[in-house]
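Novice: Below is the sequence, then the predicted model.
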Amino acid sequence: MTRSLPAPLTADIDQALARWEADGCTRRLWARDAALWSGTDEARWLGWLTTVEEQQLRVEALRALAADVTATGVPFVVLLGMGGSSLGPEVLRQTFGHVKGVPDFRVLDSTDPGQVTAVAGSVDLARTIVIVASKSGSTLEPNILLEYFFDRVKAAVGDTEAGGRFIAITDPGSSLEQLATSRGFRHIVHGVPAIGGRFSALSAFGMVPAAVMGIDVARFLDGAAQMSVGCKGPAASNPGVQLGVTLGVLARHGRNKLTIVASPGIFDLGAWLEQLVAESTGKHGHGIVPVDLEHEGDAGVYGADRVFVYLRLESAPDATQDAAVARLEAAGQPVIRISMADEYALGAEFFRWEIATAVVGALMGINPFDQPDVEASKIATRKLTDAYEASGSLPAEAPIFSDGTLTFFTDERNAGDLQKAVGAGRTAAAFLRAHLNRLTAGDYAALLAYVPMNAETMAELQVSRHLIRDRKRTATCLGFGPRFLHSTGQVYKGGPNTGVFLQVTYDPARDVPVPGLKFTFGVVVAAQARGDFAVLAERGRRALRVHLGPDVMAGLRALRAAIEQALG
């Protein structure tokens with residue numbers, strides 16, 4: 001790791017590293033001293049410190065499980081999960097691709113009915129192994145996805161064979177383990193209760209999928225083990241502590257928009273980093289806001305709230321990125337460079353960033369292992385789905401404006417502010433202009449899109465976010481619901497009140513029932529969006545929801561045109 005920083009920042013970081021070393025903080029971290037953070041329950045969540053060594057002892061078991069899956073002759077494996085149970089496997093699949101000789105691996109981490117049917121329709125369910133990953137076994141999304149896929153697989157292969165097409169990864173004694181046992185799942189693999197979801201990429205939740213998709217898990221874990229050893233050393237040479245102290249000190253100086261630049265071959269690492277950093281640090285008014293997949297722009301579009309981390313894949317660097325990062329350094333922006341020899345260096349980076357995140361939490365004096373505002377969104381969603389089960393409908397809501405294509409909703413406080421700013425000229429562009437004009441120096445704009453996550457929707461929303469960044473000179477984030485609820489959703493609600501949020505929803509053209517329940521996947525995702533918005537409003541956030549109707553791409557294009565008009 002190398003740093004390019006203004007001299008005053010370098011001096012402060014060096015002093016913080018010296019204090020960390022003098023206070024024996026690395027030793028205290030490895031000794032699981034909760035007083036290093038908030039002195040509450042941190043010690044019970046530090047099982048990830050030794051998971052690499054534990055997984056190395058299980059390499060042959062991992063290989064045997066993977067060989068069993070391959071021996072079935074099925075061409076597909078689908079993993080159902082959410083947040084920490086799915087992001088690690090997603091990064092691995094996006095990075096390593098389809099390895100010849102093993103089943104093609106898919107990840108589904110959405111309740112959007114269009115996305116659910118797209119994944120289910122992309123495989124032959126009579127010839128598919130399904131992995132259900134849920135630490136607690138009680139998370140809504142994987143549970144209803146399991147019921148949908150079990151029902152479909154059972155219809156394809158029969159009652160007797162269905163259970164043998166499923167694998168569960170879950171903590172011992174969970175409700176998922178009990179269900180998997182009763183249905184005769186092919187394998188049940190236990191997680192470690194002392195490892196929280198976002199720190200689980202090097203545990204069974206990451207390594208079982210890695211083995212199944214054909215990755216050499218021994219080689220992968222060897223790199224992580226070497227990083228683990230390095231992260232026990234003196235602060236001056238400790239790669240995890242160096243990164244964590246640097247990010248923590250920069251955040252104190254207002255440089256709390258962690259902008260991730262990753263080589264194309266490892267682009268999806270940013271999605272995993274988003275959850276780790278945002279969910280760990282974003283609470284009690286503190287937080288580092290990860291900015292992933294922003295295209296590199298001219299130096300003038302970046303404010304004094306940025307720090308850039310360049311994750312460079314040395315085996316496949318990108319010359320355009322190299323030049324863009326060099327320009328940022330020349331403009332005086334703080335840049336941290338991390339070189340990765342090849343894709344297998346991901347194991348080491350997972351561990352480095354876990355240590356760094358724990359260090360940042362210590363510098364902030366917070367518990368980096370809880371997620372209180374994620375839980376608040378889950379509770380709000382559950383109230384809405386329970387209401388639907390009881391009444392057959394979600395509570396009615398009234399828009400503040402509609403032009404027939406774009407319909408706007410918000411809470412009473414935000415409605416008053418926006419209507420006052422809009423005045424008599426009520427158009428979609430006027431409401432968006434009033435909303436985006438609330439961005440000030442040090443703020444960020446976040447598009448929270450409850451639409452199918454695919455290449456087309458991503459491209460359209462990327463255009464909108466970059467319009468905002470380039471015109472308002474502010475950091476931008478783009479998250480797809482419900483998956484971001486388990487990651488950046490924590491910093492959006494619990495972190496500093498510097499976000500301006502535009503939630504995007506739509507009416508699915510074709511809904512999908514959830515077996516055994518009255519509500520559908522469309523109802524679930526609508527309840528999740530409403531629950532998300534309700535908590536944002538409760539936290540006093542500047543938030544506006546725009547509803548698109550059933551034609552999602554037409555709606556997104558109309559939204560982009562309105563944003564462009566609003567920005568002038």
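Specialist: Nice, I can see it. Residues are numbered from 1 along each chain as shown.
Novice: how about residue 558, what does it touch?
Specialist: 405, 406, 428, 548 (CB atoms under 8 Å, 6 or more residues apart in numbering). Bear in mind the C-beta positions are built from the backbone N, C-alpha and C, glycine included.
Novice: possible to save those residues as JSON lines with secondary structure and neighbour count?
Specialist: Converted to JSON lines, the contacts of residue 558 look like this (DSSP: H, G, I helix; E, B strand; the rest coil; neighbours: other CB atoms under 10 Å):
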{"residue": "405", "secondary structure": "coil", "neighbour count": "18"}
{"residue": "406", "secondary structure": "coil", "neighbour count": "23"}
{"residue": "428", "secondary structure": "helix", "neighbour count": "23"}
{"residue": "548", "secondary structure": "coil", "neighbour count": "23"}
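Novice: Relative to residue 147, which of these is nearest.
Specialist: residue 548 (28.1 Å; CB to CB).
Novice: and the gap between the closest residue to that closest one other than its chain neighbours and residue 403?
Specialist: Using CB to CB, 6 or more residues apart in numbering and skipping residues adjacent in sequence, the residue nearest residue 548 is residue 555, 2.7 Å away. Taken as CB to CB, to the nearest Å, the spacing of residue 555 relative to residue 403 amounts to 12 Å.
Novice: next one: residue 220
Specialist: 52 Å.
Novice: ok, those two, which is more surrounded?
Specialist: residue 220 (27 against 14; other CB atoms under 10 Å).
Novice: My guess is that one contacts residue 345. True?
Specialist: No - Residue 220 lies out of contact with residue 345 (CB atoms under 8 Å); the separation is 9.4 Å.
Novice: Phi and psi next, for residue 4.
Specialist: phi -120, psi 100 (degrees, to the nearest 10).
Novice: Beta-bridge partners for it, please?
Specialist: Bridge pairing for residue 4 (DSSP bridges) gives the partners residue 335.
Novice: Residue 556: which element?
Specialist: helix 552-567 (DSSP states H and E).
Novice: in that helix, what counts as buried?
Specialist: Residues of helix 552-567 classed as buried by neighbour count (16 or more other CB atoms under 10 Å): 552, 555, 556, 557, 558, 559, 560, 562, 563, 564, 566, 567.
Novice: helices and strands of this protein: which one bottoms out on pLDDT?
Specialist: helix 372-391 (a mean of 87; mean pLDDT, DSSP states H and E).
Novice: quick one: the residue lying farthest from the centre of the chain from residue 408, how far?
Specialist: Distance from the C-alpha centroid of the chain peaks at residue 424, with 39.8 Å (CA atoms, centre = their mean). Distance of residue 424 to residue 408, given as CB to CB: 16 Å.
Novice: farthest pair in the contacts of residue 558?
Specialist: So, those by CB to CB: farthest apart are 428 and 548, at 11.2 Å.
Novice: what touches both of those two?
Specialist: Joint contacts of residue 428 and residue 548 (CB under 8 Å, 6+ apart) are 405, 406, 558.
Novice: Could you single out the nearest of the residues you listed to residue 256?
Specialist: residue 406 (31.8 Å).
Novice: Would you list the phi and psi of the closest one?
Specialist: Per degrees, to the nearest 10, the backbone of residue 406 is at phi -110, psi 130.
Novice: returning to that earlier point: the least confident helix or strand of the chain - contacts with which helices or strands?
Specialist: If you count contacts as 3 or more CB pairs under 8 Å, 6 or more residues apart in numbering; DSSP states H and E, helix 372-391 packs onto helix 140-157, helix 489-494, helix 521-538.
Novice: Kindly export the second one (C-alpha atoms) in CSV.
Specialist: Taking C-alpha atoms only, helix 489-494 is exported to CSV below (Å, rounded to 0.1, in the frame of the first residue of the first chain):
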residue,chain,number,x,y,z
GLY,A,489,-28.5,1.4,4.2
GLN,A,490,-26.8,1.5,7.6
VAL,A,491,-24.7,4.6,6.9
TYR,A,492,-27.5,6.3,5.1
LYS,A,493,-29.7,6.2,8.2
GLY,A,494,-27.2,6.0,11.1
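Novice: Can you name the element that comes right after it?
Specialist: strand 499-505.
Novice: So what angle separates the directions of that following strand and helix 552-567?
Specialist: 150 degrees (axes from the mean of the first three to the mean of the last three CA atoms, to 10 degrees).
Novice: Strand 499-505 pairs with which strands?
Specialist: Strand 499-505 is paired, per DSSP bridges, with strand 444-449 (parallel), strand 542-547 (parallel).
Novice: where's the helix or strand following the first one relative to the chain centroid, distance-wise?
Specialist: What that stands for is strand 444-449. Downstream of strand 444-449, the first helix or strand assigned by DSSP H and E is helix 455-472. Mean-position distance between helix 455-472 and its chain equals 19 Å (CA atoms, centre = their mean, to the nearest Å).
Novice: could you give the mean pLDDT of the helix or strand that helix 455-472 is followed by?
Specialist: Using DSSP H and E, the helix or strand that directly follows helix 455-472 along the chain is strand 475-480. Across strand 475-480, pLDDT averages out at 98.
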